[in-house]
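*Asks:* Fold the following and give me the result.
(4 chains)
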Protein chains: 2
Amino acid sequence: MTKKSKQRDAIIKCLSNRTDHPTAETIYKELKTECPSISLGTVYRNLNQLAAWNTIQKIALGFGPDRFDPNSTPHAHFYCSKCGSVSDIMFDDANILELAKKNFSGQIEGHLSVYYGLCESCLKLSFK
Amino acid sequence: MTKKSKQRDAIIKCLSNRTDHPTAETIYKELKTECPSISLGTVYRNLNQLAAWNTIQKIALGFGPDRFDPNSTPHAHFYCSKCGSVSDIMFDDANILELAKKNFSGQIEGHLSVYYGLCESCLKLSFK
DNA sequence: CTTATTGCAAAAGGTTTGCAACCGA
DNA sequence: TCGGTTGCAAACCTTTTGCAATAAG
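*Replies:* Down below sits the predicted model:
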């Protein structure tokens, strides 16, 4: 049986208000002001729990700390190698999964997909 | 100027003889018999160097230790969530990159792509 | 002789975990 | 009261790094 907790609620609220796919540490620091007793371990524990419940999504970039996304629908992400920002790339995965399945003899259940390069604003800056 | 080293050659040879995308630790243990003085730090240093030279490829799965692939051509990988094996999925990335570019306003330079599920042999076992 | 490379061990970075205290049902 | 949740700190896992010694050119 799962009980409600002030900390978990605060974590969900904080994550839902953001579109920047923050790290556990970022969330921890933000919550520290409104809930000074919270600990980093609790943030990690709750984020993992929420991800296991498929309420949120954990995004591994392949380097550095994991990011978290309040949108648990499977979608690809983009990492800007200049400013470090992470954003969504929304498009239908179906064709991609089809293509992958055609080329693989096992059973594909999911896909971690991270594109990298220059985000829109860094791209603009590089032309100045 | 880059000098040749017995250790680096042994690492390349070891990796080239494998198709299982080993971790640095696995390579280290295998080399330990033929070259007992080698250290894990040296294995990491060389693998990173070779990846930077684009001689090999470093594969981040998003969890656990990184894997290494003697094939530096960009291609997707598959991780079996049952047996932990990593294998290649070869197919043309071009359409996928096209699709991603259409849906993103920045400049995409590369793509980390890891599928997961059951590999062929684990799939067979699950029907027994 | 010069300097890239090594082995070693310590440190870094990110995350998990054990445990006693706490709090919600 | 019962057991899920917390805060804390220590442990963990993987990888990087500083440094003196070694070896390639």
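*Asks:* A strand includes A:Ser113, no?
*Replies:* Yes - A:Ser113: assigned to a strand according to DSSP: H, G, I helix; E, B strand; the rest coil.
*Asks:* count of neighbours near it?
*Replies:* Neighbour count for A:Ser113, taken as other CB atoms under 10 Å in any protein chain shown: 22. Glycine gets a C-beta too; all of them are placed from N, C-alpha and C.
*Asks:* What distance do you get for it to DNA strand C?
*Replies:* Distance, A:Ser113 to DNA strand C, using CB to the nearest atom of the strand, to the nearest Å: 18 Å.
*Asks:* how about the nearest residue to that residue once chain neighbours are set aside, what does it touch?
*Replies:* Closest residue to A:Ser113 apart from its sequence neighbours, by CB to CB, 6 or more residues apart in numbering or on different chains: A:Ala76 at 4.0 Å. Residues in contact with A:Ala76 (CB atoms under 8 Å, 6 or more residues apart in numbering or on different chains) are A:Asp88, A:Ile89, A:Met90, A:Phe91, A:Asp93, A:Ser113, A:Val114, A:Tyr115, B:Ala100.
*Asks:* what residues are up against A:Ser72?
*Replies:* Contacts of A:Ser72 by CB under 8 Å, 6+ apart are A:Ala51, A:Asn54, A:Thr55, A:Ile56, A:Gln57.
*Asks:* Which of the contacts of A:Ala76 sits closest to B:Ser5?
*Replies:* Distances from B:Ser5 to those, taken as CB to CB, are shortest for A:Val114 (32.8 Å).
*Asks:* Isn't that closest one up against A:His77?
*Replies:* Yes - between A:Val114 and A:His77 there is a contact at 5.3 Å, judged by CB atoms under 8 Å.
*Asks:* what do the two both touch?
*Replies:* With CB under 8 Å, 6+ apart as the test, A:Val114 and A:His77 both reach A:Ile59, A:Leu61.
*Asks:* just to revisit the earlier point, which of the contacts of A:Ser72 fall in helices?
*Replies:* Using DSSP state H, the subset of the contacts of A:Ser72 located in helices is A:Ala51.
*Asks:* Turn the contacts of A:Ser72 into TSV, including neighbour count, distance to A:Arg8 and pLDDT.
*Replies:* Formatted as TSV, these follow (neighbours: other CB atoms under 10 Å in any protein chain shown; distance: CB to CB, whole Å; pLDDT from 0 to 100):
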residue	neighbour count	distance to A:Arg8	pLDDT
A:Ala51	17	12	97
A:Asn54	9	15	97
A:Thr55	14	10	98
A:Ile56	22	11	98
A:Gln57	18	16	97
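*Asks:* if you look at the contacts of A:Ser72, which of them are in strands?
*Replies:* A:Gln57 (DSSP state E).
*Asks:* ok, A:Asn95 - contacts?
*Replies:* Neighbouring residues of A:Asn95 by CB under 8 Å, 6+ apart: B:Asn95, B:Leu99.
*Asks:* What mean pLDDT does the strand or helix carrying it get?
*Replies:* Using DSSP states H and E, A:Asn95 sits in helix A:94-102. Averaging pLDDT along helix A:94-102 gives 85.
*Asks:* cool, stretch A:30-41 as well?
*Replies:* 96.
*Asks:* how long is it end to end?
*Replies:* 15 Å (CA to CA, to the nearest Å).
*Asks:* Flag every buried residue along the helix or strand of chain A with the lowest mean pLDDT.
*Replies:* The weakest-scoring helix or strand in chain A, judged by mean pLDDT, DSSP states H and E, is helix A:94-102 (a mean of 85). The neighbour-count check on helix A:94-102 (16 or more other CB atoms under 10 Å in any protein chain shown) flags A:Ile96, A:Leu97, A:Leu99, A:Ala100 as buried.
*Asks:* likewise stretch A:86-94?
*Replies:* Of the residues in stretch A:86-94, A:Val86, A:Ser87, A:Asp88, A:Ile89, A:Phe91, A:Asp93 count as buried by neighbour count, 16+ other CB under 10 Å.
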